[in-house]
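this is the structure alone, sequence omitted:
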């Protein structure tokens, strides 16, 4: 074994058997080199490691083993390992750059249209694909993130990735639901990426997750359990998804608007959406999901409406809203038969 080539197995040996031998040597000042206990099948590898590292030195004159100060040995072991780690990180970055360049070649080639849709199975594979696609992004990144809260660890990973994209000059626009404004972790994430140039807005309506990278690839879910996603390369499909995003973007409220006026806008949107869901007869869990809140929070919205109209039951609430015109049906769809675009976008779970 060459010095500097130590690995996890050696470290584990040093932490266990070799540590006991070294501690014993320190306690007694030295150990007899010919002690048979040091040369059995269990202790011999540990003794060899201590001698090789230099934590134990054999004095041939006295045939005894003397412990050495670890601080005198540490740099000889740790510095080469650190250099190896730096070399591996550099090599890893070069591999990533090479794959990024090849990915750009593939996505801009006619070959991408031969297989316009690719299935990705497993959350880890989905997240890795998204991370690679965002790292390859050079011009524009569109994301629609449903539900109110995202895990703090997922936001931390996204923040590092997104800030790097923004530093490359990428224009980034992100949609959340209004309920995301009540998440401290999300507010912190949004404040950071906005400070780096991103644009973030929130919408009252429920939508599904969507990621579009450079208008060359779009990622949407392909299963209810979020374990399957599809990557879309077909230009016409991507253009359709971008159109859906743009319509939602125009209706959304900027996340960075502060003050009472912004809060009044959001409160009015949430109230209107709650009334709509209530009058359409959706169940509480379904309505809560569409608003991106918990069922308990949604029940609170209903309770607030009851207080507003001075009633005690939902039946009375429906009657009161209908009397005042609050529960009038929504306008009919346009004659061209268009449906709610937001319902056509499927979801992908995070990371």
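Happy to help now that I have it. Bear in mind that the values here come from a model prediction, so they are computed numbers and not experimental data.

hey, let's count contacts and neighbours off CA atoms from now on
Noted.

which helix or strand contains residue 65?
If you go by DSSP states H and E, residue 65 is part of strand 64-67.

let me see the ranges of the strands in the protein.
31-32, 56-59, 64-67, 117-121, 140-144, 171-177, 199-203, 210-213, 217-221, 228-232, 253-254 (DSSP state E).

spit out the contact partners of the residue nearest to residue 211 when sequence neighbours are not counted.
Computed as CA to CA, 6 or more residues apart in numbering, the closest residue to residue 211 that is not its neighbour in sequence is residue 143, at 4.5 Å. Neighbour list for residue 143: 173, 174, 175, 209, 210, 211, 212 [criterion: CA atoms under 8 Å, 6 or more residues apart in numbering].

hmm, 10 Å instead?
172-176, 200, 209-213, 218-219, 245 (CA atoms under 10 Å, 6 or more residues apart in numbering).

now the helices for the stretch 201-350 of the chain?
Secondary structure of the stretch 201-350 of the chain (DSSP state H, counting those that start in this stretch): helices located at 235-251, 260-280, 284-291, 295-309, 314-324.

would you single out the least confident of these?
Among the helices of the stretch 201-350 of the chain, helix 260-280 has the lowest mean pLDDT, at a mean of 68.

may I ask which helix or strand of this structure has the lowest mean pLDDT?
Across the helices and strands of the chain, mean pLDDT, DSSP states H and E gives its lowest value to helix 111-114, namely a mean of 56.

ok, residue 172 touching residue 144?
No. Using CA atoms under 10 Å, residue 172 is not in contact with residue 144; the gap is 11.1 Å.

intersection of neighbour lists for these two?
Common contacts of residue 172 and residue 144, defined by CA under 10 Å, 6+ apart, comprise residue 200.

surely residue 159 meets residue 189?
Yes. Contact criterion CA under 10 Å: residue 159 and residue 189 qualify, at 6.5 Å.

so who does the closest residue to residue 55 other than its chain neighbours touch?
Distances taken as CA to CA, 6+ apart place residue 68 nearest to residue 55, at 4.9 Å, with adjacent residues excluded. Counting by CA under 10 Å, 6+ apart, residue 68 touches 22, 25, 26, 50, 54, 55, 56, 57.

highest neighbour count among these?
Most neighbours among these, by other CA atoms under 10 Å: residue 56, with 25 neighbours.

wait, residue 139 sits on residue 215?
Yes. Residue 139 lies in contact with residue 215 (CA under 10 Å); the separation is 9.0 Å.

ok, so of the contacts of residue 68, who is nearest residue 223?
Nearest to residue 223 among those, counting by CA to CA, is residue 50 at 54.8 Å.

where does that closest one land on pLDDT?
93.

ok, the closest residue to it other than its chain neighbours - contacts?
Spatial nearest neighbour of residue 50, chain neighbours left out: residue 56 (5.4 Å); criterion: CA to CA, 6+ apart. Contact criterion CA under 10 Å, 6+ apart gives 21-22, 25-26, 30-31, 47-50, 64-70 as the residues in contact with residue 56.

give me that answer again for 8 Å
Residue 56 neighbours (CA under 8 Å, 6+ apart): 22, 50, 65, 66, 67, 68.
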